[in-house]
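J.: coordinates only, sequence not included:
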């Protein structure tokens, strides 16, 4: 019910904004339509031109994390054909107590998370991709700071999204993503509580495949374990520069593939967990 409510709120907000801008909002419009050339040259069009979604607005006016942040949402079945194993885990590997606990309690207890940041620990996080199982499909949400000033709101939105989950599933998140978020929240004075049980798939993957693979980087596992090769991906080292360019120019054309990169990272984590339990 909460997922449906958020989708309705985002759809209503997006429709209202398009109506004010004089854009079609009915069946004749597709989410990937582009602005006419004269509009591209004269004003900032934003990622909303390419990505469906709307704004998450803080209820605490004027406080830390107040403001708005863009949220792009879609179902995993809209990205790839649904498979029979989605939503359930097989037999957990011996010794992986957290994976075993999650398999017993149910995948609904887990929030998958991947961040896109501007590089260094003192740099902003501008995109947070999450995924959770709603009982019938995986829900993918990407929280995006359209400029540096929206980072605090992104953190507040992510903190609200994390409520109610018991496990935080990441890839190298125990060493990077979780401490990064806590540090940035302290900078902005935003209260954020992450799920109490971290499940870092990097360490489980190393224990399982370190003797079979050249390394256990995410995309190595994606290729050799998940049997999927990416096309049109953005190299991770280019991501910070693309965001800085977007903030300066407002041109979304080169930034939108970063959303795809982030989305694939989150989806791959679920595939790795499934493979660990096969």
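T.: Received, thanks. A quick note: this is a predicted structure, and the numbers were derived from the prediction, not measured.

J.: list the buried ones in the helix or strand containing residue 54?
T.: Here residue 54, judged by DSSP states H and E, is contained in strand 53-57. Neighbour-count burial for strand 53-57 flags 53, 54, 55, 56 (criterion: 16 or more other Cβ atoms under 10 Å). C-betas here are computed from N, CA, C, even on glycine.

J.: before we move on, what about stretch 85-103?
T.: Per 16+ other Cβ under 10 Å, stretch 85-103 contains these buried residues: 87, 89, 92, 96, 98, 99, 100, 102, 103.

J.: all strands for the stretch 101-250 of the chain, in order.
T.: Remark: strands assigned in the stretch 101-250 of the chain by DSSP state E, counting those that start in this stretch are 110-117, 125-133, 138-144, 167-170, 197-200.

J.: average pLDDT for the very next helix or strand once past the strand holding residue 54?
T.: As assigned by DSSP H and E, the chain's next helix or strand after strand 53-57 is strand 68-75. The average pLDDT for strand 68-75 rounds to 95.

J.: show me what strand 68-75 is packed against.
T.: helix 2-20, strand 53-57, strand 138-144, helix 151-162 (3 or more Cβ pairs under 8 Å, 6 or more residues apart in numbering; DSSP states H and E).

J.: in stretch 251-271, what counts as buried?
T.: For stretch 251-271, by 16+ other Cβ under 10 Å, it's 252, 255-256, 258-259, 261-271.

J.: in strands, which of those residues fall?
T.: Using DSSP state E, no member of the buried residues of stretch 251-271 falls within strands.

J.: contacts for stretch 186-196?
T.: 64-65, 110-111, 151-152, 155-156, 158-159, 162-163, 165-168, 178, 181-182, 185 (Cβ atoms under 8 Å, 6 or more residues apart in numbering).

J.: please check the residues you listed and keep the buried ones.
T.: So, by 16+ other Cβ under 10 Å, the buried ones in the contacts of stretch 186-196 are 65, 110-111, 151-152, 155-156, 158-159, 162, 165-168, 178, 181, 185.
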